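Engineer: give me a 3D structure for the following:
(2 chains)
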There are 2 protein chains.
Amino acid sequence: MVNVGIIGYGTVGSGVFEVINTNRQSIAIKAGEEIKVKRICDLRDMPGDPAEKLITHDFNDILNDDEISVVVETMGGTKPAYDFVKLAIEAGKSVCTSNKELVAKYGAGLIKLAKEKNVNFLFEASVGGGIPVIRPLNYSLTAEEIIEIQGILNGTTNYILTKMDKEGLDYDTVLKEAQAMGYAERNPSADVDGYDSGRKIAILTSLAYGKQVDFEDIPVEGISRITKEDMEYAKSLDATIKLIGESKKDGGVVYARVAPVMLSRNQPLHSVEDVFNAVLIKGNMVDDVMFYGRGAGKLPTASAVVADVVEAVRNKDRHLDINWDEEKLTLGDIRQYKQKFFVRVPESEKEAAKQKISGIEEVKSDKVVGEFAFITSPLTEAEFEELTGDLSVKNKIIINF
Amino acid sequence: MVNVGIIGYGTVGSGVFEVINTNRQSIAIKAGEEIKVKRICDLRDMPGDPAEKLITHDFNDILNDDEISVVVETMGGTKPAYDFVKLAIEAGKSVCTSNKELVAKYGAGLIKLAKEKNVNFLFEASVGGGIPVIRPLNYSLTAEEIIEIQGILNGTTNYILTKMDKEGLDYDTVLKEAQAMGYAERNPSADVDGYDSGRKIAILTSLAYGKQVDFEDIPVEGISRITKEDMEYAKSLDATIKLIGESKKDGGVVYARVAPVMLSRNQPLHSVEDVFNAVLIKGNMVDDVMFYGRGAGKLPTASAVVADVVEAVRNKDRHLDINWDEEKLTLGDIRQYKQKFFVRVPESEKEAAKQKISGIEEVKSDKVVGEFAFITSPLTEAEFEELTGDLSVKNKIIINF
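Structural biologist: Numbering: from 1, shown residues only, chains lettered A, B, ... in the order given. This is a model prediction of the structure:
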């Protein structure tokens, strides 16, 4: 029998309690022994909740309980989560977390500490919710040199963009609807401005290259400037627009960013819709592999946390190596990377655009008038800005086909 | 330094040699030490091949070499592969294989033997080629009760069906083209008749439920009766036809089969095209997760074998438990399962069909004349046969939407 303590009884924390109880028997078979939640730390009392009797307001009740060997951290944020996790590992407990902020910022250090204490620090749920992607990246794609990672890493933005695509609605309308349905937060910035995706691609890139990629170094752009007109043009190209967190290694340099990208129908990420997430990884031997599923939600995310608990139980007194050092990986300047852009200017600037930018390809849509839209040949951001400086660019979107 | 012996220097075996040599440095980081191919057993001499000097015709040169701690089996078939693998495990060596026939038939017994000898028997490459799916099923989806598995498990048939869909060609024409391009064997039966998919779904189902699912117990049907007319009707339903290996647990009973199935555009497997494979797993907590990639091919398959070698090296003197007992799992009768069918009869039987089968929904296609096509309400195979006994059914295909 292994006793688990949970810190943070919100959506994911209560999901962990539910998953462990619902699948108790099959989890015991996989783990080799029964897993039980013994204590839950939360500031609230949770009257009437099935876990009510397990609640404590004092983290020390978990930290100092020698019967608790695995701690689940589902508080979110870094304060006080980081201190609690550090104390738990120092006390010789394994920690399983869904907290991407914690992992992106302190992952390398906590892995090192867990190694010193011969316990495990596991974080499958921090990227892609219920989708197994961290463990496959660490333990399955070990024969690969990773060339590129592209992910739809945020369900809220994917829901909004899918709805804009399918129903021809504009961003503000869909955002309000998503907020009303609980798919978007009242303050949606972390999702729609790309920060959530940015932390997740920072974690994946750190694991792919074994060094610390700081979230703050990744250029991040959200979806709020995507209009229904952009989506109409995308459709006329048999494409759509997705918020993509990506990194790639080229000439020994690693580049990363989060930005809206136009994808054509024949790309695997194109068909990832609504709140689903997917991570596409390109290796130098295996080519493309993709992991798809529910990137958020109570039970899917909790399922990934509990899988980590099972892994911790299967590996008592044995630290599972994770290749992520504290040494910082300096990213290349993505602005120096050549790529094609989709661009919209007023119709009056059609001739000027054609003269200034060679090799452009016009894009037409029945649904938009008074504009001239086109695709450029591959350009760096700097080249693009120089060429279009005199034009009234309405929007530009990276093209990935 | 870990020394590896390879038995079978065909497509996959030579790929393993290439992957280990190409990614030597990054593999050493992941494995914790360098991995080297020391000996290769093949009946041929391989003059001029980079591995020429490593070739032996005598398996004993690998078996009796105490410096070789990991054996890669890439011969295919069960004779003599089974004997060689058994001898290697008995000699205290870990074995990594891509051989689905071996794994489907002897997997449970070889896992048991590996446990007794405290070594590992690993077989990631036996299903889905380069796609990580065995390890995620064993070690990531451990908090789940698996409800259903559906896979596009064979690249040859998926290539043929994709080509029929996109180009409106008939089965024989595309098969010949696939044979000319090397995507299909001269004797294509193992692929097109569904046996390859059958062995793979047998392996996945055994792992999902922890007991032996015999390949011979799974009803298997191939794609040779799928016509371009069927594909036209599918298109008119915004659907396509895929060869699906699937199993599901319902009321405590596990059902499995391989058959052509019509899938609609909004299903994740719909967009898996050409030689790509994918496995969709539904758990009771995580809902749908999908693993996608190259299900065959030299380097992708070899990459999965080498990932197993890395796992074996990381787990020296430690058997990794795999939940697959020799106890046989008796499958339910899939013919008792109710499902919708797409059916085509001559136009002259339109009224008869409508009278006999209640609740049918007509399907029209501009491209097919002289027929009446329809979708039934959910029926068992027996009910279907009773209702359509007097009709001249041209084809029927399972509908999964």
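Engineer: so what's the residue count around residue A:21?
Structural biologist: For residue A:21, the neighbour count with other CB atoms under 10 Å in any protein chain shown is 14. All C-beta atoms are positioned from the backbone trio N, CA, C, and that covers glycine.
Engineer: typo on my end, it should be residue A:243
Structural biologist: Using other CB under 10 Å, residue A:243 has 26 other residues around it.
Engineer: the helix or strand residue A:258 falls within - what's its average pLDDT?
Structural biologist: Applying DSSP states H and E as the criterion places residue A:258 in strand A:253-264. Regarding strand A:253-264, the rounded mean pLDDT is 98.
Engineer: got the CA coordinates for it in CSV?
Structural biologist: Extracted C-alpha coordinates of strand A:253-264, given in CSV (Å, rounded to 0.1, in the frame of the first residue of the first chain):
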residue,chain,number,x,y,z
VAL,A,253,21.1,26.2,-33.3
VAL,A,254,17.7,25.8,-31.6
TYR,A,255,14.9,28.2,-32.5
ALA,A,256,11.5,28.4,-30.7
ARG,A,257,8.4,30.5,-30.8
VAL,A,258,4.6,30.6,-30.3
ALA,A,259,2.6,32.1,-33.1
PRO,A,260,-0.5,31.7,-35.2
VAL,A,261,0.4,29.6,-38.3
MET,A,262,-1.5,28.7,-41.4
LEU,A,263,-1.5,24.9,-42.0
SER,A,264,-2.8,23.1,-45.0
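Engineer: remind me what it packs against, helices and strands.
Structural biologist: Here strand A:253-264 touches helix A:195-209, strand A:239-250, strand A:395-399, going by 3 or more CB pairs under 8 Å, 6 or more residues apart in numbering or on different chains; DSSP states H and E.
Engineer: which of the ones you listed is buried the deepest?
Structural biologist: Among these, helix A:195-209 has the highest mean neighbour count (mean count of other CB atoms under 10 Å in any protein chain shown), at a mean of 26.
Engineer: need the phi and psi values for residue A:107.
Structural biologist: phi -50, psi -50 (degrees, to the nearest 10).
Engineer: quick check: closest non-adjacent residue to it.
Structural biologist: Residue nearest to residue A:107 in three dimensions, not counting chain neighbours: residue A:324, with 6.1 Å by CB to CB, 6 or more residues apart in numbering or on different chains.
Engineer: now do the same for the one you found: helix, strand or coil?
Structural biologist: Under the three-state scheme (DSSP: H, G, I helix; E, B strand; the rest coil), residue A:324 adopts coil.
Engineer: show me what contacts it?
Structural biologist: Counting by CB atoms under 8 Å, 6 or more residues apart in numbering or on different chains, residue A:324 touches A:107, A:108, A:111, A:206, A:207, A:210, A:211, A:212.
Engineer: in which helix or strand would I find residue A:115?
Structural biologist: helix A:100-116.
Engineer: contact partners of that helix?
Structural biologist: Taking CB under 8 Å, 6+ apart as the rule, helix A:100-116 contacts A:73, A:76-78, A:81-82, A:85-86, A:89-90, A:94-95, A:97, A:120-121, A:123, A:126-127, A:196, A:199-200, A:202-203, A:206, A:212, A:215, A:319, A:321-322, A:324-326.
Engineer: show the buried residues in the residues you listed.
Structural biologist: When the contacts of helix A:100-116 are checked for burial by 16 or more other CB atoms under 10 Å in any protein chain shown, the buried set is A:73, A:76, A:78, A:81-82, A:85-86, A:89, A:94-95, A:97, A:120-121, A:123, A:126-127, A:196, A:199-200, A:202-203, A:206, A:212, A:215, A:319, A:322, A:324.
Engineer: so which of those residues are in helices?
Structural biologist: Counted as lying in helices by DSSP state H, out of those, are A:81, A:82, A:85, A:86, A:89, A:196, A:199, A:200, A:202, A:203, A:206.
Engineer: for those, work out which two are farthest apart.
Structural biologist: For these, the farthest-apart pair by CB to CB is A:89 and A:196; their separation is 25.2 Å.
Engineer: before we move on, back to that, tell me the pLDDT of the residue nearest to residue A:107.
Structural biologist: Reported pLDDT for residue A:324: 98.
Engineer: repeat for residue A:336
Structural biologist: 89.
Engineer: for it, which non-adjacent residue is closest in space?
Structural biologist: residue A:380 (5.5 Å).
Engineer: OK, contacts around that neighbour?
Structural biologist: A:335, A:336, A:337, A:338.
Engineer: from residue B:75, how far off is the third one?
Structural biologist: Residue A:337 sits at a distance of 45 Å from residue B:75 (criterion: CB to CB, to the nearest Å).
Engineer: the more surrounded of the two?
Structural biologist: Shown here are residue A:337 and residue B:75; by other CB under 10 Å, residue B:75 has more neighbours (26 against 17).
Engineer: near chain B, which residues of the stretch 51-200 of chain A?
Structural biologist: By CB under 8 Å from any CB of the partner chain, the residues of the stretch 51-200 of chain A that approach chain B are A:124, A:130-132, A:135-136, A:139-145.
Engineer: give the residue spans of the stretch 101-250 of chain A that score low on pLDDT.
Structural biologist: Across the stretch 101-250 of chain A, nothing is flagged by pLDDT under 70.
Engineer: using PDB, list the CA coordinates for stretch A:178-189.
Structural biologist: Extracted in PDB, the C-alpha atoms of stretch A:178-189 (Å, rounded to 0.1, in the frame of the first residue of the first chain):
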ATOM      1  CA  ALA A 178     -16.000  30.200 -24.800                       C
ATOM      2  CA  GLN A 179     -16.000  32.200 -21.600                       C
ATOM      3  CA  ALA A 180     -19.700  31.600 -21.100                       C
ATOM      4  CA  MET A 181     -19.100  27.800 -21.600                       C
ATOM      5  CA  GLY A 182     -16.200  27.700 -19.200                       C
ATOM      6  CA  TYR A 183     -13.700  26.900 -22.000                       C
ATOM      7  CA  ALA A 184     -11.900  30.300 -21.500                       C
ATOM      8  CA  GLU A 185     -11.100  32.100 -18.200                       C
ATOM      9  CA  ARG A 186     -12.600  35.400 -17.400                       C
ATOM     10  CA  ASN A 187      -9.100  36.800 -17.800                       C
ATOM     11  CA  PRO A 188      -8.100  34.800 -20.800                       C
ATOM     12  CA  SER A 189      -4.700  36.300 -21.400                       C
END
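Engineer: buried set for it?
Structural biologist: For stretch A:178-189, the neighbour count (16+ other CB under 10 Å) marks A:178, A:183, A:184, A:188 as buried.
Engineer: mind picking the two most distant members of these?
Structural biologist: Between any two of those, the greatest separation by CB to CB is 9.6 Å, found for A:183 and A:188.
Engineer: common neighbours of those two, please.
Structural biologist: Shared contacts of residue A:183 and residue A:188, counting by CB under 8 Å, 6+ apart, come down to residue A:156.
Engineer: most distant residue from the middle of chain A?
Structural biologist: The C-alpha centroid of chain A is most remote from residue A:351, which lies 41.4 Å away (CA atoms, centre = their mean).
Engineer: on the three-state scheme, residue A:234 is what?
Structural biologist: Recorded secondary structure, residue A:234: helix (three-state DSSP).
Engineer: residue A:264 is in contact with that one, correct?
Structural biologist: No - using CB atoms under 8 Å, residue A:234 is not in contact with residue A:264, being 9.2 Å away.
Engineer: those two: which is more packed in?
Structural biologist: Neighbour count, other CB under 10 Å: between residue A:234 and residue A:264, residue A:234 has more, with 25 against 14.
Engineer: okay, that one and residue A:373: tell me how far apart.
Structural biologist: Counting by CB to CB, the gap from residue A:234 to residue A:373 is 10 Å.
Engineer: go on, residue A:20?
Structural biologist: Counting by CB to CB, the gap from residue A:20 to residue A:373 is 53 Å.
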